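Asker: Here is the input, now give the coordinates:
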Amino acid sequence: MKSFIAVLSVLVVFGAIYFFSWVGKNDYEIELRNQIEAQDEVCQANFDKMFKVIAQTAQVPSEFMEQSKEAFKEIYQPLIEGRYQDKDGNQKKVLMNWVQESNPQFDMNAASKLYEKIQTVVEVNRNEFFNQQRKLIDFHREHTVFCQTFMNANLFFMSDREIPKCNGDRGEEFCLQIIKSVNTDNVYKKGQENDINLFD
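Answerer: Model prediction:
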């Protein structure tokens, strides 16, 4: 009888230790996941901010704002990737074409100061976006390592909580979306970079 009570006591102690350890691990995983989701929203908010700043800098009239925002979505990712620069680091005309189309009354002959200002705005926003993406990647790495460590994966069954990386479009389930250029994907797939003019 005494041995039964002793075994039962040991089981209760180990059960309590396991339970409270699991609660701590569970809570920490939830904190990491929420941190990733919040940072993902920060990255998404960069699109809206970048559009508004560039549109205001380019003096896009309010009546063109909605159509202009839709057109801007098409050039946003290449702006972030830096693909609208020539060999000398100057912005190509695609961005300025968007400005002209969004603001038909704008005189492109007197646009040199505006052109320089928009270049600066794009560069600043692109750098900010890169820093926000870097934070997101780091948070994701921390969460993945936490879920994959031996004890967490095998004793606390956290491995099924890993956040996957998106393959293409996002579905209903949350996944990590990192914005990269097609050129970068091709280079890493082939393991070589043969293009001389990287921005065409």
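
Asker: Just after the helix or strand bottoming out on mean pLDDT in the chain, pick out the following helix or strand.
Answerer: Ranked by mean pLDDT, DSSP states H and E, the weakest helix or strand in the chain is helix 93-102, scoring a mean of 60. Per DSSP states H and E, the first helix or strand lying C-terminal to helix 93-102 is helix 112-148.

Asker: What residues of that following helix count as buried?
Answerer: Buried residues in helix 112-148, counted by 16 or more other CB atoms under 10 Å: 114-115, 118-119, 121-122, 125-126, 129, 132-133, 136, 139-140, 143-144, 146-147. C-betas here are computed from N, CA, C, even on glycine.

Asker: now swap in stretch 148-164 and tell me
Answerer: Asn152, Ala153, Phe156, Met158, Arg161, Glu162, Ile163.

Asker: among those, which two are most distant?
Answerer: Spatially, the most separated pair among those is Phe156 and Ile163, at 16.9 Å (CB to CB).

Asker: sorry, back to before: can you tell me which of the buried residues of stretch 148-164 is nearest Asp48?
Answerer: Ile163 (23.4 Å).

Asker: Would you confirm that that closest one belongs to a strand?
Answerer: No. Applying DSSP: H, G, I helix; E, B strand; the rest coil, one finds Ile163 to be coil, outside a strand.

Asker: distance of it from Ala38?
Answerer: Look at Ile163 and Ala38: by CB to CB, to the nearest Å, they are 13 Å apart.

Asker: Could you check how far stretch 139-153 is from the centre of its chain?
Answerer: 20 Å (CA atoms, centre = their mean, to the nearest Å).

Asker: pLDDT averaged over that stretch - what is it?
Answerer: Here stretch 139-153 scores 96 as its mean pLDDT.

Asker: Quick one: residues in contact with that stretch.
Answerer: 25, 28-29, 32-33, 35-36, 39, 158-159, 161-163, 176 (CB atoms under 8 Å, 6 or more residues apart in numbering).
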